[in-house]
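Engineer: Sequence first, predicted coordinates after that:
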Amino acid sequence: MDTIILKDKISFSKDSPKKEIIYDSEKAKAVLFCLEPGQGVGPHAVSSEIALMAIDGKGIFITGDGEKQAEKGSLVVCKENEQHGIKADKERFVALAVISPRP
């Protein structure tokens, strides 16, 4: 597989959060989210573990334990069926979600 350069995938939309699936297989999925200030992906739960990593900017990770401030390099892992989401507050925020489906 070729190396994916995340910074080359970053782009924003004023209308809604920008989401790009950058990897998808039976064993894992990686989704890049690019959010303008005020945009977000509301809390929801899935039957997979989700790792959320802040790639650029500052934002908020939403987890079953509440909201957590996130900045470049921050990582949080949500267990299966745990509420999770992300949002940009006062600046652009880029986050990578790595999803590990249950076998």
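Structural biologist: Sure thing, it's come through.
Engineer: Can you list the low-confidence ranges for this structure?
Structural biologist: For the chain, applying pLDDT under 70 flags the ranges 1, 102-103.
Engineer: Show me which strand runs longest in it.
Structural biologist: The residue-count maximum for a strand in the chain (DSSP state E) belongs to strand 84-100.
Engineer: in it, what counts as buried?
Structural biologist: Of all the residues in strand 84-100, those buried under the rule 16 or more other Cβ atoms under 10 Å are 84-89, 92-99. The way it works is simple: take the backbone N, C-alpha and C, and place the C-beta from them, glycine included.
Engineer: Tell me how far that strand lies from the chain's centre.
Structural biologist: For strand 84-100, the distance from its own C-alpha centre to the chain's C-alpha centre is 4 Å (Cα atoms, centre = their mean, to the nearest Å).
Engineer: Now do the contacts for the closest residue to A51 other than its chain neighbours.
Structural biologist: Nearest non-adjacent residue to A51, counting by Cβ to Cβ, 6 or more residues apart in numbering: V98, 4.4 Å away. With Cβ atoms under 8 Å, 6 or more residues apart in numbering as the criterion, the residues that contact V98 are 28-30, 50-51, 53.
Engineer: which residue ranges form the strands in the protein?
Structural biologist: Secondary structure of the chain by DSSP E: the strands cover 18-24, 29-35, 40-44, 49-63, 66-71, 75-78, 84-100.
Engineer: Thanks a lot, see you next time.
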